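J.: got a sequence here, can you build the structure:
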Amino acid sequence: RLPLALAAAVLACFTWSLAIGVATLAFDVLDRPFLGFWYFTWVADHFFFFAAGALLATLPSLRARLAAPLPVAVAALAGLAGTIAFMARETLPWHRDSLGGKIAFEFAETVPAVLLTVFAVATCLRLHRWIGRGAAGLARWSYSVYLTHHLVVVAVALWLLPVALPPLVKFAVTLATAAVASTFAAACIE
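T.: Predicted structure coming up:
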């Protein structure tokens, strides 16, 4: 089932991306900046992932299937293959402005995007299950941490101001103290 789902995802993403690429080649105006920084191709390419996320949000059965734990080897292979495919796309011999080059480049962009997405989702789900109750506690404490961290950061930074230490060391001490003290304060508040 997984290879079929991966093939379907690659095909859908590739078809979308190729259509955007061909439209950009056909209508040069689509590849000009809008408001100085937005490009049609960038927005359209990202819209695919937005639409896929919206589809997942409306289909609980598909979400449950994606949330099923993948074996570590599958996630690792997807990450490795995606990374190799991502690096290999720069070695394509065709020019990107030709139709053949556009097809090859879009395919070489789609495969790593899908494989690295599988790797990221599988890794995040595994981490979420592994962290478990600790993450739920931190989520409950997040607002208390937010309320107390500023006070701790300012106090420690002012205390370290006259101390003769490199700025990076002062930053690390401030960061560590704020993380520990704010979490402890949140636990006490709860």
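
J.: report the central residue of this protein.
T.: Ala120 (7.1 Å; Cα atoms, centre = their mean).

J.: and the gap between it and Ile103?
T.: 26 Å (Cβ to Cβ, to the nearest Å). In short, each C-beta sits where N, CA and C put it, glycine included.

J.: Ala164: what secondary structure?
T.: When classified by DSSP: H, G, I helix; E, B strand; the rest coil, Ala164 comes out as coil.

J.: contacts only, for it.
T.: Neighbour list for Ala164: empty [criterion: Cβ atoms under 8 Å, 6 or more residues apart in numbering].

J.: need the pLDDT of it.
T.: On pLDDT, Ala164 comes in at 90.

J.: swap in Asp28?
T.: 68.

J.: what do you get for the one 5 residues further on?
T.: Confidence at Pro33, expressed as pLDDT, is 67.

J.: any idea which helix is longest in this structure?
T.: helix 99-131 (DSSP state H).

J.: same for that one, what does it pack against?
T.: Under the contact definition 3 or more Cβ pairs under 8 Å, 6 or more residues apart in numbering; DSSP states H and E, helix 99-131 sits against helix 2-26, helix 72-88.

J.: what comes up buried for it?
T.: Neighbour counts using 16 or more other Cβ atoms under 10 Å place 101-102, 104-119, 122-123, 125 of helix 99-131 among the buried residues.

J.: next one: stretch 9-16
T.: Ala9, Val10, Cys13, Phe14, Trp16.

J.: I'd assumed Val114 was in contact with the first one.
T.: Okay, so that is Ala9. Yes: counting by Cβ atoms under 8 Å, Val114 is a contact partner of Ala9 at 4.9 Å.
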